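> let's see this in three dimensions:
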Amino acid sequence: MNTHGIKAATTLTGLSAHVIRVWEKRYGAVKPQRTETNRRLYTDTDISRLQTLSKLTQKGYTIGHIAKLQDAELDGLLHGIATQESDPRVAAAAGEVSHLIQAAATAIRNYDQTALEGIFDEASLTLGYSGLLELVVIPVIQQVGNDWHNGSLTSAGEHAATSFIKQYLANSMRSFTPEENAPILIVTTPAGQLHELGAYIGARQARKSGWHIVYLGPSLPADEIAGAALRTRADAVLLSIVYPADDPQVELELLRLRKLVRKGLPILVGGSGIEGYRDTLAKIDAVTVPTISGLTPELLNIRNHRATAPH
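Predicted structure coming up:
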């Protein structure tokens, strides 16, 4: 079997050397051989796997969710996408969404907040608000991250994108007013998790679902989160975990949070980094929310349980 160095691997897969190394180190996507001088060597099988992973991430899958799947499972996902796209109606809808994502990414590169808001408005009209979040905003955020990693977007551009998106989401939610006795949701990220857009999007979706939101911003210690949950008499806590996906401190924070909050308080956790903490999330009996569309039914379950619980 042929082997290839990192330079050849980038040419064959279309991925940058940085992305390949991150996928290998952080997610265990491939395990290249090593030369005596510690240079990476990728087999044809490794190259094929990276190509498949690249195609799937371009279709909206997050690397944290698919990196540990077997080759046959990855091929199955890819085949399923191809089958769907063979339907002209599905292909047309996918093409429209792809156009919106690329237009939004271009607006961000041009620092054009007005154009970005217009694109999001168009997406909301055609896809609905939940569709806007899951099918457009989240892929745009992923595209921004990829552009930043490969150097096509500066740090200033990445910061501007975060600001633009937060402002749009804040303005768009003003029409969603929860009832006075609506349940209360604390939303934040654990200490060390600085990327907050996932949490912010979750907060917007939860408010649309009729919850009162107490948004605490990013990177809070477990003691502070638990204190806020106690003082607000929160009905649940929502956390977002994105990067890094292998921080032992986050594991300790999750364990401490469960210890400090009242017994049975639901802790929901989403974000592209949750796979790295799967064991810890199971230990604290957290509800994992891999996609934004999965948040609403979980919140509904909690709300229904709250309504039927003895007072």
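> contact partners for Leu254?
Residues counted as contacts of Leu254 (C-beta atoms under 8 Å, 6 or more residues apart in numbering) are Pro190, Ala222, Leu239, Val269, Tyr277, Thr280, Leu281, Ile284, Ala286. No exception for glycine: its C-beta is placed from N, CA and C like everyone else's.
> that one sits in which helix or strand?
helix 248-260 (DSSP states H and E).
> also Ile186?
Judged by DSSP H and E, Ile186 forms part of strand 184-188.
> in the stretch 201-311 of the chain, where is pLDDT below threshold?
307-311 (pLDDT under 70).
> which of the contacts of Leu254 has the most neighbours?
Within the contacts of Leu254, neighbour counts (other C-beta atoms under 10 Å) peak at Leu239, which reaches 28 neighbours.
> from the structure, what's the count of residues near the spatially closest residue to Ala105 that is not a sequence neighbour?
Nearest non-adjacent residue to Ala105, counting by C-beta to C-beta, 6 or more residues apart in numbering: Gln143, 4.7 Å away. Neighbours of Gln143 under the rule other C-beta under 10 Å: 18.
> ok, the residue lying farthest from the centre of the chain to Ala226 distance?
Centroid-distance maximum for the chain: Glu36 at 38.0 Å, with C-alpha atoms, centre = their mean. From Glu36 across to Ala226, the span is 51 Å (C-beta to C-beta, to the nearest Å).
> next one: His4
50 Å.
> neighbour count: the two, which is higher?
More crowded of His4 and Ala226, by other C-beta under 10 Å: Ala226, with 22 against 19.
> the more buried one against Arg258, yeah?
No: contact criterion C-beta atoms under 8 Å: Ala226 and Arg258 do not qualify, at 9.2 Å.
> and the contacts of stretch 34-44?
1-6, 8-9, 24, 30, 32-33, 50.
> what sits closest to Trp23 if chain neighbours are left out?
Ala29 is the one closest to Trp23 (C-beta to C-beta, 6+ apart), at 4.0 Å.
> and the helices in this protein, which stretches?
Counting by DSSP state H, the chain has helices at residues 6-13, 17-27, 44-58, 63-66, 71-85, 88-109, 113-131, 138-149, 155-172, 197-208, 222-232, 248-260, 278-283, 295-308.
> winner for burial among the ones you listed?
helix 197-208 (a mean of 24; mean count of other C-beta atoms under 10 Å).
> still on that earlier bit, mind putting the contacts of Leu254 into a markdown table with distance to Tyr129?
Shown next, in a markdown table, are the contacts of Leu254 (distance: C-beta to C-beta, whole Å):
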| residue | distance to Tyr129 |
| --- | --- |
| Pro190 | 27 |
| Ala222 | 32 |
| Leu239 | 22 |
| Val269 | 23 |
| Tyr277 | 29 |
| Thr280 | 32 |
| Leu281 | 28 |
| Ile284 | 31 |
| Ala286 | 26 |
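> and the residues you listed, which is closest to Gln167?
Nearest to Gln167, judged by C-beta to C-beta, of these is Leu239 at 23.0 Å.
> show me what the nearest residue to that closest one once chain neighbours are set aside is bridged to.
Distances taken as C-beta to C-beta, 6+ apart put Val269 closest to Leu239, at 4.8 Å, once the chain neighbours are dropped. The partner list for Val269 in beta bridges (DSSP bridges) reads Leu239, Thr288.
> ok now do Leu6, which residues does it touch?
Not quite, residue 6 is Ile, not Leu. So Ile6 contacts Ala17, Ile20, Arg21, Arg39, Arg40, Tyr42 (C-beta under 8 Å, 6+ apart).
> okay, who's weakest in the contacts of stretch 34-44 by pLDDT?
Lowest pLDDT within those is found at Met1 (69).
> can you tell me how far the residue nearest to Leu77 when sequence neighbours are not counted is from Asn150?
Setting aside the residues directly before and after it, Leu77 is nearest to Leu56 in space (C-beta to C-beta, 6+ apart), at 5.9 Å. For Leu56, the distance to Asn150 equals 18 Å [C-beta to C-beta].
> next one: stretch 45-57 to chain centre, how far?
20 Å (C-alpha atoms, centre = their mean, to the nearest Å).
> contact partners of it?
Residues contacting stretch 45-57 (C-beta under 8 Å, 6+ apart): 1, 4, 9, 12-15, 20, 23, 29-32, 42, 63, 66-67, 71, 74-75, 77-78, 81, 142.
> next one: stretch 138-148
19, 57, 60, 62, 101, 104-105, 108-109, 153-155, 157-158, 161, 165, 197-198, 201, 272, 292.
> and it, how far out from the chain's middle?
Using C-alpha atoms, centre = their mean, the offset of stretch 138-148 from its chain centre is 10 Å.
> CA atoms only: put that stretch into CSV for me.
Extracted in CSV, the C-alpha atoms of stretch 138-148 (Å, rounded to 0.1, in the frame of the first residue of the first chain):
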residue,chain,number,x,y,z
ILE,A,138,-24.7,27.2,12.3
PRO,A,139,-23.1,26.2,8.9
VAL,A,140,-22.0,29.9,8.5
ILE,A,141,-20.4,29.8,11.9
GLN,A,142,-18.6,26.6,10.9
GLN,A,143,-17.5,28.2,7.6
VAL,A,144,-16.1,31.2,9.6
GLY,A,145,-14.1,28.8,11.8
ASN,A,146,-12.7,27.0,8.8
ASP,A,147,-11.9,30.3,7.0
TRP,A,148,-10.1,31.5,10.2
